[in-house]
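Engineer: Predicted model follows, preceded by the sequence.
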Amino acid sequence: MRRYVVRKVAVAIPLLFLVSIAVFAMLHTGQGDPVELFVGPTAPQSVQVQARHELGLDQPLVTQYFLFLRRALHGDFGESITYREPVGQLIRDRLPATLLLGGTALLLSYALAIPLGILAAARRNTWADYAITGGALVAMAVPSFWLALLLVLLFGVHWQLLPVSGYGSLSTLVLPAVALAAEGTGLSLRLMRSSMIEVLRQDYIRTLHAKGLNRWRILGVHAFKNALISTITLLGLRLGMIIGGAIVIENIFGWPGIGRLLVSSALQADFPVVQGLTLLLAAAAIVANVTADILYAVIDPRVRY
Amino acid sequence: MCVLRVENLRTELRLRQGTAVAVSDLSLTLQAGETVALVGESGCGKTTAALSIMRLLSSPPAYTTHGRILLRDEDLLTASPARLRQLRGERISMIFQEPMTALDPLFTIGTQITETIRAHRRCGRAEAREQALEALERVHMRTPRACLDLYPHQLSGGMRQRAMIAMALCLGPEVLIADEPTTALDVTVQAGILDLLAELRADSGMAMLLITHNLAVVSKVADRVVVMYAAEVMERAPTAELLERPLHPYTQALMQSLPRMDRSLEVLPAIRGSVPNLLEMPPGCRFAARCDLAQPACRQEQRLVAVADSHSVRCWRRTG
Amino acid sequence: MNETGIPPSGRGKARGGRLRRGARFLIRRPALLFGGIIVTIFIGAGLLAPWIAPYPYAAQDLASALKSPLSPHHLMGTDQFGRDLFSRILFGARTSFIFAFGVTLLSIVLGVVVGGISGYFGGAVDLILAAVIDLMWAFPIVLAAVLFVGLLGPGLLPAALAITVVNWAGTARIVRGEVIALREREFVEAARALGRGHLFIIFRHMIPNALPAVLVLASFSMGIAILVEASLSFIGLGAQPPLPSWGDLLSEGWEYNQYAPWLVIMPGVSIVVIVLGFNVLGDALREVLDPRLRER
């Protein structure tokens, strides 16, 4: 098991480096001259030279990269061009909001997908199954941002039940969380259903019945654990979807999280912020994948040995 | 003393294309301590019969429509699902052909045995574990204590089968149904498993219904044999009698197609033709199409007729 | 089921020619039919948009502004500038299709090649490639898109790159798995004995086995590409005006949601229907192709 974990982590590190290089390159191959962006295009030569020095842009590229890396590991991503604040601070201010939204959405998604998936598998080929599976199929085809718009139209404007922007109370969390959760719920549901069906066909289920075990134990312990494997495998993917989805959803609902910050910074070419955020989010996605892999090994002993 | 009596068992498979009778009018008895072999080629219905007895078939599409399955005095066909759960594992157990797929890969052997115990008896975890250990020792598992914490994929084929036997017998059932327990194993390992089963039976007086297509195994282990073909019983007799005087043309053909070391043959005789489609069963004797002795009268319904003491055949050419 | 001697196929032999059998095949599988029809309509609409759209994409007609659907000349109504929504949706379909197709094709080609090589040669090459594949396939596409936007500025190209970079890994996974499974088979040895080169074996023998699964994935990829393009265009990072895009239609239409909700509903429904079509098609394909692969 330990070897397995080490292997997975060892493989993730180079990828993190690759991403950091890509992120670093952003500042230097991106649009416009970073110095100009910083001090404005009309700044006198001396100011430009000084800015160039302060930003470390007069050093060779490789040195700059390592400087960047070292600072990044200390959480220092420089200063935002737009806000004139340390990027780290900006991120720290907004991260909790995103964590709240993402966490709620993920929990909501699984709370819906797993039971419904099992139900659909147990009632296979009945109307309940068709309804649930059909719903999941449609949910997979609906763009999350459009769902968000519809939710706002219905609950916010038309019926005036829930707030459509803002942050702080439970009611402001509902619409964004639902919109964010919807995207992956259909996928997880169908996966749970199909793995449950597959599991229930297996020989060992018959053995369990032959042993005289209680139906609930067979279903809830044995079948469930086996079916969970494929769902766990997708945990990394789901987390990635949440990260990606949050970027869009936060923008629509004015949710003060890092997704919103990312988009506005990208559009304003505020490179330090984009760099810092992208690195952070990419690292999160990679860590999520590794975690999912490890969880998989925890559940399925065949992988470990 | 009769522990299991099956009377006129009939199991149908209701499919979109039609209804196929997978087990037709099967009757057999099991006395305490004896082994009855249910023999036939793949597809003859023997496994379906075994699953019918254990009531493990799913409906749809399988329906056991006629007959009685008497475990001592209880009819399994009319028993409630709760009662069946109580009986399975404790009074009547089954082991399966392929131990790798018959065991849950995510749970240790120990857990799989203890959960059986705790499902039927009030038992603490430690006590159940001790009993599981004993069960593994009884099946001569090499390192029983270590085995408790191993997963199925970590064991060899023979060990897995022993684990499954331990699991099936840990509560001391009266009847064991063994569905081709050695087919998936190496020949050398097969002998070990068969010996183990014989020993366990001798120790506990348990009765065994052995499902197999391997006549060599039958000759070694079984007291009586029931030969099935295309869902019907073709012949039944004590083992020695059957091997010496097989009466039904199908049984005879089976015997002849066995490779033997004491005869040198150019060509190993095979039975010509193939098993008829269960959905389109010809009237009368089902073996007629492949039988060298077939006559027009074979198209009539054949009945199982006693020829000698406990030797019956379903063939008018033998019974007159 | 062959334990009981029951034939695996259905009723007897099919009567009539291929056409009849084909028709019966489709009718038995409504999902395949449904998905196939929708996808065909989508492709048709996309490719033929310039010719079948009643109005050009940007044609304004302020006199007919904000007309509701089913108006005399405007099937789906118009927006605040009098632009016909139906035509704009058709042109959006065009962009979506070309984009999604290109991206899917590229990622499949890449994935097949890399997956095939990685699976076949094994060793250090496989170790590295497999690791990369494992970590890339679940990477958030939108995030990758933002990264590329940071590098290249907003537009369809960074979006395309982002999707490709993630999608190829998905294909590679499948192909690699298939190749590894086949690697140990005797026919590989036989082919080597006959002097066949590695690449020949990979492409002629192994990849065709993986193609059905890849085809299924391609169908789902199309749906994903369409969704991502719409999402990115909506927040301004994707297709830039004047390039037609459903996402763009939605972001513009959103401003008038109170007066003209159809501006938000119609493009959205189009997206849902098309993506649903691809997903259903992918599902149906999987069912059709899978049993033949596994031979259970």
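Structural biologist: Now that the structure is in, tell me what you want to look at. Numbering: from 1, shown residues only, chains lettered A, B, ... in the order given.
Engineer: Tell me which residue is most central in the chain.
Structural biologist: Answering for chain A, as no chain was given. With distances taken as Cα atoms, centre = their mean, residue A:243 lies nearest the centre of chain A, 2.4 Å away.
Engineer: try again with chain B
Structural biologist: Mean-position check on chain B, Cα atoms, centre = their mean. Result residue B:211 at 2.6 Å.
Engineer: What does the pLDDT read for residue A:94?
Structural biologist: Residue A:94 carries a pLDDT value of 89.
Engineer: That one is in contact with residue A:258, isn't it?
Structural biologist: Yes - in this structure, residue A:94 is within contact of residue A:258 by Cβ atoms under 8 Å, at 4.9 Å. Every C-beta, even on glycine, is put in place using the N, C-alpha and C of the backbone.
Engineer: These two - which one has more neighbours?
Structural biologist: residue A:258 (29 against 20; other Cβ atoms under 10 Å in any protein chain shown).
Engineer: Hmm, that one is touching residue A:277, no?
Structural biologist: Yes - using Cβ under 8 Å, residue A:258 makes contact with residue A:277 at a distance of 5.7 Å.
Engineer: which neighbours do the two share?
Structural biologist: Common neighbours of residue A:258 and residue A:277, using Cβ atoms under 8 Å, 6 or more residues apart in numbering or on different chains, are residue A:91.
Engineer: could you say what helices and strands whichever strand or helix holds residue A:193 packs with?
Structural biologist: For residue A:193, the host element (DSSP states H and E) is helix A:170-200. If contacts are counted by 3 or more Cβ pairs under 8 Å, 6 or more residues apart in numbering or on different chains; DSSP states H and E, helix A:170-200 sits against helix A:87-122, helix A:127-141, helix A:144-151, helix A:224-233, helix A:235-253.
Engineer: Tell me which of those helices lies nearest to chain B.
Structural biologist: When these are compared by Cβ to the nearest Cβ, helix A:224-233 sits nearest chain B, at 5.4 Å.
Engineer: Using PDB, write out every CA atom in the closest one.
Structural biologist: Below are the C-alpha coordinates for helix A:224-233, written out as PDB (Å, rounded to 0.1, in the frame of the first residue of the first chain):
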ATOM      1  CA  PHE A 224     -22.600  -1.300  -2.400                       C
ATOM      2  CA  LYS A 225     -18.900  -1.500  -1.600                       C
ATOM      3  CA  ASN A 226     -18.200  -3.200  -4.900                       C
ATOM      4  CA  ALA A 227     -20.300  -0.700  -6.800                       C
ATOM      5  CA  LEU A 228     -18.600   2.200  -5.000                       C
ATOM      6  CA  ILE A 229     -15.300   1.400  -6.700                       C
ATOM      7  CA  SER A 230     -16.100   2.900 -10.000                       C
ATOM      8  CA  THR A 231     -17.700   5.900  -8.400                       C
ATOM      9  CA  ILE A 232     -14.600   6.600  -6.400                       C
ATOM     10  CA  THR A 233     -12.500   6.300  -9.500                       C
END
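Engineer: list the buried ones in stretch A:13-26?
Structural biologist: Across stretch A:13-26, burial judged by 16 or more other Cβ atoms under 10 Å in any protein chain shown covers A:15, A:19, A:20, A:22, A:23, A:24, A:25, A:26.
Engineer: ok, back up a step: list the residues that contact the residue nearest to the centre of chain B.
Structural biologist: Contacts of residue B:211 by Cβ under 8 Å, 6+ apart are B:37, B:38, B:46, B:47, B:49, B:50, B:177, B:178, B:179, B:180.
Engineer: In three-state terms, label residue B:27 for me.
Structural biologist: strand (DSSP: H, G, I helix; E, B strand; the rest coil).
Engineer: So in chain B, where's the weakest helix or strand by average pLDDT?
Structural biologist: Using mean pLDDT, DSSP states H and E, the weakest-scoring helix or strand in chain B turns out to be helix B:316-319, at a mean of 76.
Engineer: Just want the residue of chain A that's nearest chain B.
Structural biologist: residue A:212 (3.6 Å).
Engineer: Could you look up the SS state of residue B:183?
Structural biologist: Recorded secondary structure, residue B:183: coil (three-state DSSP).
Engineer: Point me to the helix or strand that includes the nearest residue to it once chain neighbours are set aside.
Structural biologist: Nearest non-adjacent residue to residue B:183, counting by Cβ to Cβ, 6 or more residues apart in numbering or on different chains: residue B:97, 5.4 Å away. Using DSSP H and E, residue B:97 sits within no helix or strand.
Engineer: Now do residue B:97: how many residues are near it, please.
Structural biologist: 19.
Engineer: Got the domain ranges for chain B?
Structural biologist: Listed by automatic domain parsing, the domain ranges of chain B are B:2-91+B:173-260+B:268-319, B:105-170.
Engineer: Identify the residue nearest the residue of the stretch 151-300 of chain B found nearest chain A in space, chain neighbours excluded?
Structural biologist: Residue nearest to chain A within the stretch 151-300 of chain B: residue B:151 (4.5 Å; Cβ to the nearest Cβ). In this structure, residue B:151 finds its nearest non-sequential neighbour in residue A:301, 4.5 Å apart by Cβ to Cβ, 6+ apart.
Engineer: Please tell me how far that neighbour sits from residue C:180.
Structural biologist: 21 Å (Cβ to Cβ, to the nearest Å).
Engineer: Also residue B:38?
Structural biologist: Distance from residue B:38 to residue C:180, by Cβ to Cβ: 41 Å.
Engineer: what's downstream of the helix or strand harbouring residue B:164, the next helix or strand?
Structural biologist: Using DSSP H and E, residue B:164 sits within helix B:157-169. Using DSSP H and E, the next helix or strand after helix B:157-169 towards the C-terminus is strand B:175-179.
Engineer: Residue C:195 is in what secondary structure piece?
Structural biologist: Going by DSSP H and E, residue C:195 is not in any helix or strand.
Engineer: what's the neighbour count on it?
Structural biologist: Residue C:195 has 7 nearby residues by other Cβ under 10 Å.
Engineer: How about residue B:38?
Structural biologist: For residue B:38, using other Cβ under 10 Å, the count is 28.
Engineer: Next to chain A, which bits of chain B? Give me the list.
Structural biologist: Counting by Cβ under 8 Å from any Cβ of the partner chain, chain B comes close to chain A at B:54, B:56, B:84-90, B:93-94, B:96, B:98, B:101-107, B:115-116, B:119-120, B:151, B:153-154, B:164, B:167-168.
Engineer: mind listing which of these are in helices?
Structural biologist: B:54, B:84-87, B:101-102, B:115-116, B:119-120, B:164, B:167-168 (DSSP state H).
Engineer: List the residues that contact residue B:60.
Structural biologist: Per Cβ under 8 Å, 6+ apart, neighbours of residue B:60: residue B:14.
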